[in-house]
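Colleague: here are the coordinates; sequence isn't available:
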Ligand SMILES: [Ca+2]
Ligand SMILES: [Ca+2]
C-alpha cells in the first residue's frame, strides 16, 4: 500500500499560486496593462502642454484710411489756450442702413474761434460701399446740426430696427432718429 506524504498538497498549492502570480505579472499581461498608463494618453498630454505655452501670432495692421475714402480729419486746436480744446470725441461703428456692412460716424470737434463763428458739423457719417470704400453721406443723411461735437452713442432708442444717434456737444446735444424705414417705404 502506497502512503501519501502530508506535505504534498500544500506544496502543490504554493507552486500553483506562485505560477499564477508570475503569469499575471509578465510584460504585456492584462494586469500590468491596467496599471500602466496607455502611451497615446501620454503623447496627448505632452502635446497639450506644448500648445499651452505657444504664443499667439501678433496681428499686423495697415493704415488704409485714405485708400478707403476716410479723408475728413477731426478738428482741434494745437494752441490749447482753453481747457475745452484739449477734449476730443471719438467714433462709432454701426450699420446705419441695415445692408449688412458697418458704417462709421466720427465726432468732428471744433475750436473756440470756430465755435464762436457758428461751429462745425458735429459728426461725419461715412457709408460703406463695395470693396471697402466709404462715401461721406453726412449732408444726405441730414446730420447737419452745427456746434462742437464731443461724443456719440449709437442705439435703437425707438426699437424700430434702425440704429439712431445721440451726439453730445459743447453748448447742446442732438438726437438723430434714423428714418431709414420711412425712406425705404416711400
Ligand atoms: Ca451699412
Ligand atoms: Ca431706431
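Modeller: Thanks, I have it. Everything numeric in this text was worked out from a predicted model, so none of it was measured. Ligands and ions are numbered 1, 2, ... in the order given.

Colleague: do you know the pLDDT at the closest residue to residue 178 other than its chain neighbours?
Modeller: Distances taken as C-beta to C-beta, 6 or more residues apart in numbering put residue 162 closest to residue 178, at 3.9 Å, once the chain neighbours are dropped. Just so you know, the C-beta spots here come from the backbone N, C-alpha and C atoms, and that holds for glycine as well. Each residue has a pLDDT score; the one for residue 162 is 96.

Colleague: name the residues of stretch 77-86 that come out as buried.
Modeller: Along stretch 77-86, these residues count as buried under the neighbour rule (16 or more other C-beta atoms under 10 Å): 77, 85.

Colleague: ugh, wrong one, I meant stretch 92-110
Modeller: For stretch 92-110, by 16+ other C-beta under 10 Å, it's 92, 94, 96, 97, 103, 104, 105, 106, 107, 108, 109, 110.

Colleague: among those, name the ones in strands.
Modeller: 92, 94, 103, 104, 105, 106, 107 (DSSP state E).

Colleague: tell me the two of the residues you listed that are most distant?
Modeller: Longest distance between any two of these is 14.6 Å, between 103 and 107; criterion C-beta to C-beta.

Colleague: so the residue nearest to residue 178 touches residue 155, yeah?
Modeller: No: the criterion here is C-beta atoms under 8 Å, and residue 162 misses it with residue 155 at 10.8 Å.

Colleague: more neighbours, these two?
Modeller: More neighbours surround residue 162 than the other of residue 162 and residue 155, with 19 against 11 (other C-beta atoms under 10 Å).

Colleague: quick one, what contacts that one?
Modeller: 96, 97, 98, 156, 178, 179, 180, 181 (C-beta atoms under 8 Å, 6 or more residues apart in numbering).

Colleague: how close does it sit to ligand 1?
Modeller: 11 Å (C-beta to the ion, to the nearest Å).

Colleague: for that residue, which three-state class applies?
Modeller: Recorded secondary structure, residue 162: coil (DSSP: H, G, I helix; E, B strand; the rest coil).

Colleague: next one: residue 127
Modeller: Secondary structure, three-state DSSP: residue 127 is strand.

Colleague: all numbers from here: first residue = 57
Modeller: Right, with 57 as the first residue, what we last looked at is residue 183.

Colleague: quick one: low-confidence parts of the chain?
Modeller: 57-107, 237-242 (pLDDT under 70).

Colleague: got the residues of it near ligand 2?
Modeller: For the chain, the contact set with ligand 2 under C-beta under 5 Å from the ion comprises 212, 214, 216, 218, 220, 234.

Colleague: give me that answer again for 8 Å
Modeller: When proximity is defined by C-beta under 8 Å from the ion, the chain lies next to ligand 2 at 212, 213, 214, 215, 216, 217, 218, 219, 220, 233, 234, 237.

Colleague: farthest pair in those residues?
Modeller: Taking C-beta to C-beta, no two of those sit farther apart than 213 and 237, at 13.8 Å.

Colleague: how about residue 141: what's its closest non-neighbour residue?
Modeller: Setting aside the residues directly before and after it, residue 141 is nearest to residue 133 in space (C-beta to C-beta, 6+ apart), at 4.4 Å.

Colleague: that concludes my questions; thank you for your assistance.
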